[in-house]
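K.L.:
Return atomic coordinates for the entry below.
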Amino acid sequence: MRNLILSLFLLSTSFPAYSEPRFVQTPYEEPRVMFEFYFDEPGKIHAALHWLRSYINPLMASPYNMAPEFMDIKVIIHGTEIVTLAKKNYAKYKNAVERMKYYNQLGVEFRVCGLAANDFDYKLSDFQDFVILVPSAITEIGHWQQKGYALIQPDIMDKKFSVEEIR
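P.N.:
Prediction:
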């Protein structure tokens, strides 16, 4: 009985009790990540680029103050969004292309699957100048995971309700 009481006491004191929510400043360091873009609609790239922004911006802000060129970020593209990177589609996807150019200037690499490019009948010269064409997205993802990169796969859902409707 004494052991049971002692065990319950030790168990209850080993977990801190919080009376209010709290903010924790996680000590992020050496970001190495790849985003996998594989969407059923090209327009979903707009929302996916917000995921990229949500990754980069907090690391650039205080207290981390990381320079983007010291972040190692790759975006692997192999879904229908590949069409957003074709030069001939620039006018249609200008906003997304300009955002990708901006992120590329910060050091983000945009790697396009050669197999998907072939499926869309694209060749290297059809793409924006910041694109890196790779043999296969799946092989590329496996390679970078073996090198220690975290994989983030944006789950882009169709927005059915406004924030005001569900708040």
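
K.L.:
give the contact list for the residue nearest to Glu81 when sequence neighbours are not counted.
P.N.:
Among residues not flanking Glu81 along the chain, Ile45 sits closest, at 4.2 Å (Cβ to Cβ, 6 or more residues apart in numbering). The way it works is simple: take the backbone N, C-alpha and C, and place the C-beta from them, glycine included. The neighbours of Ile45, taking Cβ atoms under 8 Å, 6 or more residues apart in numbering as the test, are Phe37, Phe39, Glu81, Thr84, Tyr93, Ala96.

K.L.:
try it again with 6 Å
P.N.:
When the contact criterion is Cβ atoms under 6 Å, 6 or more residues apart in numbering, the partners of Ile45 are Glu81, Thr84, Ala96.

K.L.:
Quick check: the gap between the first one and Glu165.
P.N.:
Applying Cβ to Cβ, to the nearest Å, one obtains 28 Å for the distance of Glu81 from Glu165.

K.L.:
which one of these two has more residues nearby?
P.N.:
Glu81 (25 against 7; other Cβ atoms under 10 Å).

K.L.:
can I assume the more buried one is in contact with Glu41?
P.N.:
No - at 7.9 Å, Glu81 and Glu41 do not qualify as touching, with contact defined as Cβ atoms under 6 Å.

K.L.:
ok, back up a step: adding pLDDT, write the contacts of Ile45 out as a markdown table.
P.N.:
Supplementary listing: the contacts of Ile45 in a markdown table, determined by pLDDT from 0 to 100:
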| residue | pLDDT |
| --- | --- |
| Glu81 | 97 |
| Thr84 | 98 |
| Ala96 | 98 |
